[in-house]
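Asks: coords please:
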Amino acid sequence: MAFGSNSVRFQTKFLIGWAILGFILGMGLLIDEMISPSGSFNGIGEVLGYVIAIIPGMVIVGGFCLLIDGLFLHQGAFSQVTHPEWFWYVYPFLFIWSLTLSFLLGFLGIKSSSSGIPSPSIYPEDVKKEVDNMTLDDFFRKFDEAIKQGEKQGKINPEQQKIIRKLRKLDRSKYNQRLQEICNDNELDEIYELLIQLLKLLGRRG
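Replies: Okay, the predicted model is just below:
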């Protein structure tokens, strides 16, 4: 991941980055108007007008993007909306760009899966039942590659990363134990959410 950042949830400090984006955009538009043959420049008042309008506007756009991200891309699970820290600072631009690209690819009929087979529905209860009956050895044999892909793509939140590290550090003698015997309820809930997210991402059942 760029800059070695782990994925994190939204924090209010990222609003500073959004405001700076708005300032840069405002100044860019102003400079473009100043150098354009058909443009006009009306002094410092115009500068302030651009800044006052675009800086809060960019923050509002970022908030709208976060709303779309949580409600539609993560089915209302805002706690699962995580990105590398550097991504959050330029979130409005990059999110809109990635969303636009996804729409264009979808419009052109380009699928992310090379199999061309529609992804089946993922039922949380089925995933929960499957995980509950798994040994640690079964879990890593079946999902380790998907977890590694999720880590590379920044799709695993810090709490889930902590649990995966804990499981990987366990002695091999514990690999024949069921996950229910190794993890507490909170850890199991995080594992369920992680696997559902990864299965949707990969477009397949485990």
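Asks: stretch 144-158: end-to-end distance?
Replies: Terminal residues of stretch 144-158 lie 17 Å apart, using Cα to Cα, to the nearest Å.
Asks: output the worst-scoring helix or strand of the chain on mean pLDDT in PDB with nothing but the alpha carbons.
Replies: The weakest-scoring helix or strand in the chain, judged by mean pLDDT, DSSP states H and E, is helix 124-132 (a mean of 74). Extracted C-alpha coordinates of helix 124-132, given in PDB (Å, rounded to 0.1, in the frame of the first residue of the first chain):
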ATOM      1  CA  PRO A 124     -24.300 -14.100   6.100                       C
ATOM      2  CA  GLU A 125     -25.900 -17.000   8.000                       C
ATOM      3  CA  ASP A 126     -24.300 -19.500   5.700                       C
ATOM      4  CA  VAL A 127     -20.900 -17.900   6.200                       C
ATOM      5  CA  LYS A 128     -21.400 -17.900  10.000                       C
ATOM      6  CA  LYS A 129     -22.400 -21.500  10.000                       C
ATOM      7  CA  GLU A 130     -19.400 -22.500   7.900                       C
ATOM      8  CA  VAL A 131     -16.900 -20.500  10.000                       C
ATOM      9  CA  ASP A 132     -18.400 -21.900  13.300                       C
END
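Asks: buried sites along the helix or strand just after it?
Replies: Downstream of helix 124-132, the next assigned helix or strand under DSSP states H and E is helix 136-152. By 16 or more other Cβ atoms under 10 Å, the buried positions in helix 136-152 come out as 136, 138-140, 143, 146-147, 150-151. All C-beta spots, glycine's among them, are computed from the backbone N, C-alpha and C.
Asks: for the nearest residue to Leu167 once chain neighbours are set aside, give me its contacts.
Replies: Sequence neighbours aside, Leu136 is the residue nearest to Leu167 in space, at 6.3 Å (criterion: Cβ to Cβ, 6 or more residues apart in numbering). When contacts are counted by Cβ atoms under 8 Å, 6 or more residues apart in numbering, Leu136 touches 167, 170, 174-179, 182.
Asks: elements contacting the longest helix along the chain?
Replies: Longest among the helix segments of the chain by residue count, using DSSP state H, is helix 44-68. Applying 3 or more Cβ pairs under 8 Å, 6 or more residues apart in numbering; DSSP states H and E, one finds that helix 44-68 contacts helix 14-35, helix 91-107.
Asks: so what strands line up beside whichever helix or strand comes after it?
Replies: With elements assigned by DSSP H and E, the helix or strand that comes after helix 44-68 is strand 82-84. Here strand 82-84 has these sheet partners by DSSP bridges: strand 7-9 (antiparallel).
Asks: ok, what's across the strand from the residue lying closest to Gly154 once chain neighbours are set aside?
Replies: Nearest in space to Gly154, with sequence neighbours left out and distances taken as Cβ to Cβ, 6+ apart, is Ser7 at 4.3 Å. Ser7 has the following beta-bridge partners by DSSP bridges: Pro84.
Asks: so how far is Ile55 from Ser7?
Replies: Look at Ser7 and Ile55: by Cβ to Cβ, to the nearest Å, they are 27 Å apart.
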